[in-house]
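[1] okay, here's the prediction I keep looking at, along with the sequence it came from:
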Number of protein chains: 2
Amino acid sequence: MKYSIGIDIGGTNTKLGTVSDSGKVLTRTTFNTTDYDSFDSYMVRLIEEISTLVKKSGEECKGIGIGAPNGNYYKGTIDMAANLPFGLEAPIVDRLRNAFGYKHIYLTNDANAAALGEKIYGGGKTYDHFITITLGTGLGAGVIVDGKLLYGADGNAGELGHVCAVEGGRICGCGNRGCLEAYASATGIKRTFFEMLAYYNGKTSLSGYSWETINPKIIEDAAKAGDEVSKATYDFTGRILGRALADFVHFSRPSVFFLFGGPVKSGELIFAPTRKSMEEHLMPVFRGKVKILPSELPEADAAILGSSALVWSGIANEA
Amino acid sequence: MKYSIGIDIGGTNTKLGTVSDSGKVLTRTTFNTTDYDSFDSYMVRLIEEISTLVKKSGEECKGIGIGAPNGNYYKGTIDMAANLPFGLEAPIVDRLRNAFGYKHIYLTNDANAAALGEKIYGGGKTYDHFITITLGTGLGAGVIVDGKLLYGADGNAGELGHVCAVEGGRICGCGNRGCLEAYASATGIKRTFFEMLAYYNGKTSLSGYSWETINPKIIEDAAKAGDEVSKATYDFTGRILGRALADFVHFSRPSVFFLFGGPVKSGELIFAPTRKSMEEHLMPVFRGKVKILPSELPEADAAILGSSALVWSGIANEA
């Protein structure tokens, strides 16, 4: 069976697996990224784990895809990733090519990998123009244009978490203020909750929760039980996100947005205000035409699927 | 000499000409769009004018490119253009194909044509990722990605004049509020001037001007002579435009923006605040990397050049 290897490198864990060309995960494994204090020592372990998986999965390995924070597609290097001890520029593609000799080895950031996963195995199969938005600690995005990932002049296109949502607004991890991800993300929802709690003078069933103990799922459950502060939190999140999605439609006119991540599981609590705000902010010519849907990738395997999709996408682009 | 025909259809004038593959305008002519009250009668005249130009320019005509408001690239029709008496859907590409038989006949909107003109004949020749912004009555834009125009799912991508610049802001011609073109355009500059005049309580050398008599060039000259209200007008325009450009960088990571139109001729008066605001609003990773330059197309021929470029671009895409 033809398959590819998907590797997702996170600050805490590295997940990898082999995936058939139809999107079935054949094998998988995980190890702690934090066990290694240099790129060299990390690579010894990674190469070992890949070799083990290949032995189990057979001869027909078509290549390796890697999703990593600050992964640069054009250069094949992981550049200054804040949570990885890899230094300025870690040449992961070259190292893997030397170790395994595969022609098709590709690297990109995790959000772009998610978009390719959706394109190759998920809800994006039939669309040439779509955008995936991952609501996690931050907001990650991948933009598909004419069936291909949009990389831009230096491989860093699609940084949609850092468009300006509120001029002079909340401090963002990137150093700027008012970025979309400071509002529309799991962290953003938490921040909004405390603003709303302040605004409504603590009138919420969640007044006993601290910054440490609250999370979007608790706020979701309270909203569904009728808590006003919690409902206002999700409404506000959707309003900000929907306006940003409208701007993205004006830019690349996707057919659909696929949303991924914890907060998306709240269903209409986030989808309804997002859809309403997007429609309100669209030029009339675009109204009623662009869908907002949940991702069709299974959450547990999404990272491995997305990374492995880089291989099929790369082979298709070169054909 | 190999050449193509470029047609620019405006509400007032129709300009057309023949253009060599190196961008030399060989012949040109103009007639009043307003002389015709139906698409059929308009097409009789247009076909006549094209035939005359082809007779003068010789045998090697490679095709026709048309730039028109609401021109739809995928369908080849001009759809519900507000200032043209062409009805719901005017099949201009089919009509020209029946009349002339050329294989390469393409239609797009005027702002997209300008971007292709920049790509084929202008400052964009050496760039695969750039965006052109035309500051006129409105704000038109064309987005080049991987060397090609970004059309999106229905041919209407690149409506950058209608991203939300100010939530709940100025009324826009599209029916929405706060659109970028209500601020960053020749009309937007005029609107800003009157806001600034109100804010500064009329303390400007231009206090004798009315809405009817003022224009961006008069405000430019006053700003250069030291008028505070006029300077504040251009500063504010640049601040709004620069923030929008930053958002566009986060989306498609162009190497350069090319600005076109009357207000661009004011030079640093508009470029300096735009550049400053763009840099301030960019994620650190993008700072100092994206240029903002004036278009290199000659203004008088830009419309014909842009439209004619559609032919060479279409031939390249099919190769």
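    Thanks, I have the structure now. All values derive from a computational prediction rather than experimental measurement.
[2] in the stretch 151-300 of chain A, which spans are strands?
    For the stretch 151-300 of chain A, applying DSSP state E, counting those that start in this stretch gives strands covering A:256-260, A:291-294.
[3] now the first one - C-alpha only, CSV.
    As requested, C-alpha coordinates have been extracted for strand A:256-260 and formatted as CSV (Å, rounded to 0.1, in the frame of the first residue of the first chain):
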residue,chain,number,x,y,z
VAL,A,256,-15.9,27.7,2.4
PHE,A,257,-14.2,28.2,5.7
PHE,A,258,-13.3,25.1,7.7
LEU,A,259,-13.0,25.7,11.5
PHE,A,260,-11.0,23.4,13.7
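[4] return the most buried member of the strands of the stretch 151-300 of chain A.
    The highest mean neighbour count among the strands of the stretch 151-300 of chain A, using mean count of other C-beta atoms under 10 Å in any protein chain shown, belongs to strand A:256-260: a mean of 24. Glycine gets a C-beta too; all of them are placed from N, C-alpha and C.
[5] residue closest to the middle of chain A?
    A:Ala111 (3.4 Å; C-alpha atoms, centre = their mean).
[6] before we move on, what SS does that residue have?
    helix (DSSP: H, G, I helix; E, B strand; the rest coil).
[7] grab the nearest non-local neighbour of the residue of the stretch 51-200 of chain A at minimum distance from chain B.
    Nearest residue of the stretch 51-200 of chain A to chain B: A:Gly152, at 2.7 Å (C-beta to the nearest C-beta). Nearest non-adjacent residue to A:Gly152, counting by C-beta to C-beta, 6 or more residues apart in numbering or on different chains: B:Arg253, 2.7 Å away.
[8] now for the one you found: which residues touch it?
    A:Tyr151, A:Gly152, A:Ala153, A:Asp154, A:Gly155, A:Asn156, A:Ala157, A:Glu159, B:His129, B:Phe286, B:Val290 (C-beta atoms under 8 Å, 6 or more residues apart in numbering or on different chains).
[9] returning to that earlier point: measure the residue nearest to the centre of chain A to A:Thr137 for me?
    From A:Ala111 across to A:Thr137, the span is 12 Å (C-beta to C-beta, to the nearest Å).
[10] and what of A:Lys103?
    35 Å.
[11] those two - which one has more neighbours?
    A:Thr137 (15 against 11; other C-beta atoms under 10 Å in any protein chain shown).
[12] what about that one, which SS state?
    coil.
[13] need the contact list for it.
    A:Ser185, A:Ala186, A:Thr187.
[14] what does the pLDDT read for A:Arg97?
    At A:Arg97 the predicted local confidence, pLDDT, stands at 97.
[15] for the residue nearest to it when sequence neighbours are not counted, give me its contacts.
    Using C-beta to C-beta, 6+ apart and skipping the chain neighbours, the partner closest in space to A:Arg97 is A:Ile105 (5.5 Å). A:Ile105 sits next to A:Gly63, A:Ile64, A:Gly65, A:Ile66, A:Gly76, A:Val93, A:Leu96, A:Arg97 when contact means C-beta under 8 Å, 6+ apart.
[16] using a markdown table, lay out these together with secondary structure and neighbour count.
    Formatted as a markdown table, the contacts of A:Ile105 follow (DSSP: H, G, I helix; E, B strand; the rest coil; neighbours: other C-beta atoms under 10 Å in any protein chain shown):
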| residue | secondary structure | neighbour count |
| --- | --- | --- |
| A:Gly63 | strand | 21 |
| A:Ile64 | strand | 28 |
| A:Gly65 | strand | 29 |
| A:Ile66 | strand | 28 |
| A:Gly76 | coil | 22 |
| A:Val93 | helix | 20 |
| A:Leu96 | helix | 23 |
| A:Arg97 | helix | 17 |
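[17] what's the closest of those to B:Lys217?
    A:Gly76 (50.5 Å; C-beta to C-beta).
[18] A:Ala90 versus that closest one, what's the distance?
    A:Gly76 is 10 Å from A:Ala90, by C-beta to C-beta.
[19] mutual contacts of the two, please.
    In contact with both A:Gly76 and A:Ala90: no residue, using C-beta under 8 Å, 6+ apart.
[20] report pLDDT for A:Glu59.
    87.
[21] how close does it get to A:Leu46?
    A:Glu59 is 21 Å from A:Leu46, by C-beta to C-beta.
[22] over to A:Leu160?
    Distance from A:Leu160 to A:Leu46, by C-beta to C-beta: 29 Å.
[23] I'd like the strands of the stretch 151-300 of chain A written out as TSV, with mean pLDDT and distance to chain B added.
    Converted to TSV, the strands of the stretch 151-300 of chain A look like this (pLDDT from 0 to 100; distance: least, C-beta to the nearest C-beta, whole Å):
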stretch	mean pLDDT	distance to chain B
strand A:256-260	98	9
strand A:291-294	98	11
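[24] export those strands to TSV and tack on distance to A:Gly175?
    Formatted as TSV, the strands of the stretch 151-300 of chain A follow (distance: least, C-beta to C-beta, whole Å):
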stretch	distance to A:Gly175
strand A:256-260	26
strand A:291-294	30
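[25] between the ones you listed, which one is nearest to A:Gly314?
    Closest among these, once you apply C-beta to C-beta, is strand A:256-260, at 21.0 Å.
[26] and the closest one, how far out from the chain middle?
    Relative to the mean C-alpha coordinate of its chain, strand A:256-260 is positioned 11 Å out (C-alpha atoms, centre = their mean, to the nearest Å).
[27] show me the contact partners of it.
    Against strand A:256-260 from outside (C-beta under 8 Å, 6+ apart): A:114, A:118, A:122-124, A:127, A:130-135, A:245, A:248, A:270-271, A:290-297, A:299, A:302.
[28] ramachandran angles for A:Pro91?
    When quoted as degrees, to the nearest 10, the phi and psi of A:Pro91 stand at phi -80, psi 70.
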